[in-house]
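**Student:** Sharing a sequence plus its predicted fold:
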Amino acid sequence: MSAVIENHHDDHDHGPAKGITRWLYTTNHKDIGTLYLWFSFAMFLIGGAMAMIIRAELFQPGMQIVEPEFYNQMITLHGLIMIFGGVMPAFVGLANWLVPMMIGAPDMALPRMNNLSFWILPFAFFILLSSLFMEGGAPNFGWTFYAPLSTTYAPPSVTFFIFSVHIMGASSIMGAINVVVTIMNMRAPGVTLMKMPLFVWSWLITAYLLIAVMPVLAGAVTMMLMDIHFGTSFFNAAGGGDPVLFQHIFWFFGHPEVYIMILPAFGIVSHIIETFSRKQLFGYSSMVWAMLSIAILSFVVWAHHMFTVGLPLAAEIFFMWATMLIAVPTGVKVFNWVATMFRGSLTFETPMLFAVAFVVLFTIGGLSGLMLAIVPADFQYHDTYFVVAHFHYVLVPGAIFSIMAAVYYWIPKWSGNMYDERLGKLHFWLSFIGVNVTFFPQHFIGLAGMPRRYPDYALIFADWNMVSSIGAFLFGFSQLLFLFIVIKTVMGGKKATDQVWEGAKGLEWTVASPAPYHTFSTPPKVD
Amino acid sequence: MSGGSYYVPDQSRFPIFMAVSLFLLVMGASSTINNLDDPTSNSVYILYSGFACLFLTMFFWFRQVIKEHLAGLDSNQLKQSYVYGMAWFIFSEVMFFAAFFGALFYVRTLAVPWLAGEGSKGAAITAIELWPAFESSWPVMTTPDQGNEYDLADKSMAWPGWSKALLWLPLWNTIVLLSSSWTVHLAHLGLKKGNRKKFNVYLGVTVLLALIFVGLQALEYYEAYAHYGLKLNSGIYGSTFFMLTGFHGFHVMMGGFMLAIMLARSVFAGHFEQHDHFGFEAASWYWHFVDVVWLMLFIFVYIL
């Protein structure tokens, strides 16, 4: 805090501070990126442990392991932790590490706020997880916290849940403002908008979505708080409000949120496929326009989550067509990825394996989404395991595979060491098999009518549930291998070259591996 | 900065202090709210300590930023980052209000008519059977089930007609707030011309108008509770009225506080230059934003 008096800012070579204060007081985008990534990994393992409990209970019909009340808390916390603690911070961590290096900036635009937006997150999740030990238990109303389950019938810990969501939202908004300002204001001369790497583009759009919808979520939980404790009746029909209003507000946040969790993945996968195809990416500008279209459309499709709630027919038709329209820009992206690989000199290192799996499996998730978008069909599918299969296909082999691909792809740049390729491939195949064995059967049991969010089910669903659970255990425990690989790579290994990958393009590959503590303290030349 | 190199800030303790402050604040707020019925609960002190820590941290953090700025450490690029940052922050505030306005429009045009059985939808049919006596209107002064948990209001805050217009507080509030937006603009013009006295006087008038607005709003709330019987638990009209005007009032207080700080900085420390005063400009942007929100409120909450 002595920055004013000692004017030593020309000394850009100083490395990180020693000890714990390096992490507590840091303003360095690489440190903060590392903090985000490790935090999200921890949350991924905690949320994953909850998924293991859920699948263990569903291994057989009947109640074996947990009480139904606890099961409800597990599904709620699993969703909240994976979304707000796992996927979102991982992408913010990647943005922190990569955006400044990709655009030739020395750091994020607002470095102290960057630290703040990270460090409030552990507190938010401490509050959320501590609700497990409160009287009445943790939130038990599902991650979508529909009123009146989350208002009239909620456990007392809902108040803590509401405030922890506020903190998570504040963290996301500050993180997103930082990313937007960095991209708008910190690009090195010559890095024009249409020359920006696609990961940067994807994050510019994601950050815009975050700033637009996280405050709406804050409004939703505030109305809940007022309904629960201060007598308002926003979500209470007896007082003139409407529980459906909650769903409208929630999904106005929730649907752009879905794209917040997939757009950065699009950026990552585009880079990786380009590199390992040793070709220029096919259709760069159409990639940008596709992401922009998806972002804009994401604001007018929210009610497709609510087809069975009793919407007017005109609304059902509008939201059905608007939703299907999203398939067009998404199709453009999938086409471009495939066209990039077409006649490329392909090699399949671990990042590429994850990226190719992303393209295939995310497309499966997208197609089941298209089925769900059809109103009359959705009346059958709504709230079944088909929906569970759909969103897990876009989130696990979608968002999470892209994060893993990004870790394998950039960890040589971050740590200076190559990961163990043999173990990486093993991790990929275990994950790939695990994820499909887990979620593909859920399409079948969903179409056969098994509802989501119950701890017990009819005997006819027993076989596929057992298969699904076995797959989940395989996937879950494979992630410990991932943890091992990451630690092993950070500790040592074959030294990485600066470019790391033969076909890699972009500013981040021009700096040393590991990347110096401060990169680009003078702007690089870009033409 | 010389030589085209970027400004790389040092480590800072402020963020982690603020994170701890926010933690205390929300833990305190949650436990206080959960223990409202328990007079022996002392969790409110955690809330107070959270607030105190937050204000202290903010004070020292802003002081540091101002000092760095005065020491000439801020590059033009960093200044531009602050400009973008503030603009996006205001956008996020717009979206926060959008949630509440969305709720207002939804209940007015859809939920309340449906509850009264209008339309041909399933929800409406249920409502006819549940609450046949309920009729749709806005401002709706009753609730569908008219249960004991609601304190029904006698009178709404809506436009009282031309004969009583001059006694109608929201009209005065509109005049006060619109004038304050004008005076803060005059202050800005004064500063841009290097006229410090004009700046101080008009900024002082703006802060005064902000105080008057908050006072009038408090008076209106008093009237609502004491004479109109309009409360938070008067059903959906009371809910939307108090939440929209309440959050707006809270933002007026924040904006007024920011402007007051700017006034103090100018009067006591001589801060702000003719061509370098983004601290003030950011606060004035915020003030104009608060003003626009009020206009929306005036139209959609009070008039229509």
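**Tutor:** Okay, I see it. Residues are numbered from 1 along each chain as shown, chains lettered A, B, ... in the order given.

**Student:** how many neighbours does the residue of the stretch 51-200 of chain B found nearest chain A have?
**Tutor:** Proximity of the stretch 51-200 of chain B to chain A (C-beta to the nearest C-beta) peaks at B:Ala99, 2.7 Å away. Just so you know, the C-beta spots here come from the backbone N, C-alpha and C atoms, and that holds for glycine as well. Neighbour count for B:Ala99, taken as other C-beta atoms under 10 Å in any protein chain shown: 24.

**Student:** Now do A:Phe358 against A:Gln280, distance only.
**Tutor:** Per C-beta to C-beta, to the nearest Å, A:Phe358 is found 20 Å from A:Gln280.

**Student:** Quick one: mean pLDDT for stretch A:445-461?
**Tutor:** For stretch A:445-461, mean pLDDT is 96.

**Student:** ok, and what's touching that stretch?
**Tutor:** Contact partners of stretch A:445-461, identified using C-beta atoms under 8 Å, 6 or more residues apart in numbering or on different chains, comprise A:57-58, A:61-63, A:66, A:68, A:71-72, A:75, A:142, A:380-381, A:383-389, A:464-465, A:468.

**Student:** C-terminal to the helix or strand of chain B with the lowest mean pLDDT, what's the next element?
**Tutor:** Every helix and strand in chain B was compared by mean pLDDT, DSSP states H and E; the lowest is helix B:122-130, with a mean of 63. Per DSSP states H and E, helix B:122-130 leads on to helix B:169-192 as the next helix or strand towards the C-terminus.

**Student:** Buried residues, that next one. List them.
**Tutor:** B:170-174, B:176-177, B:179-181, B:183-184, B:186-188, B:190-191 (16 or more other C-beta atoms under 10 Å in any protein chain shown).

**Student:** ok, now how distant is the residue nearest the centre of chain A from chain B?
**Tutor:** The centroid of chain A falls nearest to A:Val87 when counting by C-alpha atoms, centre = their mean (2.9 Å). Between A:Val87 and chain B the distance, using C-beta to the nearest C-beta, to the nearest Å, works out to 21 Å.

**Student:** That residue: what secondary structure?
**Tutor:** With DSSP: H, G, I helix; E, B strand; the rest coil as the basis, A:Val87 sits in helix.

**Student:** And the helices in the stretch 201-350 of chain A?
**Tutor:** Here the stretch 201-350 of chain A has its helices, by DSSP state H, counting those that start in this stretch, at A:243-260, A:263-277, A:284-297, A:313-325, A:327-341, A:350-373.

**Student:** Chain B too?
**Tutor:** B:14-34, B:44-70, B:76-106, B:112-115, B:122-130, B:169-192, B:196-223, B:236-269, B:278-297 (DSSP state H).

**Student:** Which strands or helices does the shortest one pack on?
**Tutor:** Read that as helix B:112-115. With contacts taken as 3 or more C-beta pairs under 8 Å, 6 or more residues apart in numbering or on different chains; DSSP states H and E, helix B:112-115 sits against helix B:122-130.

**Student:** again with the first one
**Tutor:** Contacting helix B:14-34 under the criterion 3+ C-beta pairs under 8 Å, 6+ apart are the following elements: helix A:111-130, helix A:158-185, helix B:44-70.

**Student:** Between helix B:44-70 and that helix, find me the angle.
**Tutor:** Using axes from the mean of the first three to the mean of the last three C-alpha atoms, to 10 degrees, the inter-axis angle of helix B:14-34 relative to helix B:44-70 is 150 degrees.

**Student:** Quick check: the residue minimising distance to the centre of chain B vs B:His288, distance?
**Tutor:** Central residue of chain B (C-alpha atoms, centre = their mean): B:His251, 2.0 Å from the mean position. Remark: distance between B:His251 and B:His288 (C-beta to C-beta) = 12 Å.

**Student:** ok, now B:Leu232?
**Tutor:** 29 Å.

**Student:** re earlier: what's near enough to touch the residue nearest to the centre of chain A?
**Tutor:** Contacts of A:Val87 were listed using C-beta under 8 Å, 6+ apart, and they are A:40, A:261, A:395, A:399-400, A:403.

**Student:** what does B:Gly190 give?
**Tutor:** The contact partners of B:Gly190, taken as C-beta under 8 Å, 6+ apart, are B:196-199, B:201-202.

**Student:** on that earlier part again, emit the PyMOL select command for whichever of the contacts of stretch A:445-461 are buried.
**Tutor:** Here the buried members of the contacts of stretch A:445-461 are turned into a PyMOL selection, burial being counted by 16+ other C-beta under 10 Å:
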select buried, chain A and resi 57+58+61+66+71+72+75+142+381+384+385+386+387+388+389+464+465+468
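
**Student:** Mind checking which of the contacts of stretch A:445-461 are in helices?
**Tutor:** Using DSSP H, the contacts of stretch A:445-461 in helices are A:57, A:68, A:71-72, A:75, A:380-381, A:385-389, A:464-465, A:468.

**Student:** Show me where chain A dips below the pLDDT cut-off.
**Tutor:** Across chain A, the ranges flagged by pLDDT under 70 are A:1-14.

**Student:** domains of it?
**Tutor:** Per automatic domain parsing, the domain ranges recorded for chain A read A:31-261, A:266-513.

**Student:** want to throw those into JSON lines with distance to B:Phe268?
**Tutor:** JSON lines is the format used below for the domains of chain A (distance: least, C-beta to C-beta, whole Å):
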{"stretch": "domain A:31-261", "distance to B:Phe268": "26"}
{"stretch": "domain A:266-513", "distance to B:Phe268": "46"}
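
**Student:** Name the stretch among these that sits most buried.
**Tutor:** domain A:31-261 (a mean of 22; mean count of other C-beta atoms under 10 Å in any protein chain shown).

**Student:** What segments of the stretch 351-500 of chain A are helices?
**Tutor:** Under DSSP H, counting those that start in this stretch, the stretch 351-500 of chain A gives helices at A:375-381, A:385-394, A:401-415, A:421-447, A:462-491.

**Student:** quick one: which of these is nearest A:Ala109?
**Tutor:** With C-beta to C-beta as the measure, helix A:401-415 is the member of the helices of the stretch 351-500 of chain A nearest A:Ala109 (21.2 Å).

**Student:** Show me what that closest one packs onto, helices and strands only.
**Tutor:** For helix A:401-415, the elements it packs on are helix A:29-57, helix A:88-103, helix A:263-277, helix A:350-373, helix A:421-447, helix A:462-491, judged by 3+ C-beta pairs under 8 Å, 6+ apart.

**Student:** Pipe these into CSV and attach distance to A:Met186 per row.
**Tutor:** Shown next, in CSV, are those (distance: least, C-beta to C-beta, whole Å):
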stretch, distance to A:Met186
helix A:29-57, 11
helix A:88-103, 6
helix A:263-277, 18
helix A:350-373, 27
helix A:421-447, 33
helix A:462-491, 28
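
**Student:** Which among those helices is found nearest to A:Leu311?
**Tutor:** Using C-beta to C-beta, the helices and strands packed on helix A:401-415 put helix A:350-373 closest to A:Leu311, at 13.9 Å.

**Student:** count of neighbours near the nearest residue to B:Met262 once chain neighbours are set aside?
**Tutor:** In space, and not counting its chain neighbours, B:Met262 is closest to B:Phe280: 4.6 Å by C-beta to C-beta, 6 or more residues apart in numbering or on different chains. Using other C-beta under 10 Å, B:Phe280 has 23 neighbouring residues.
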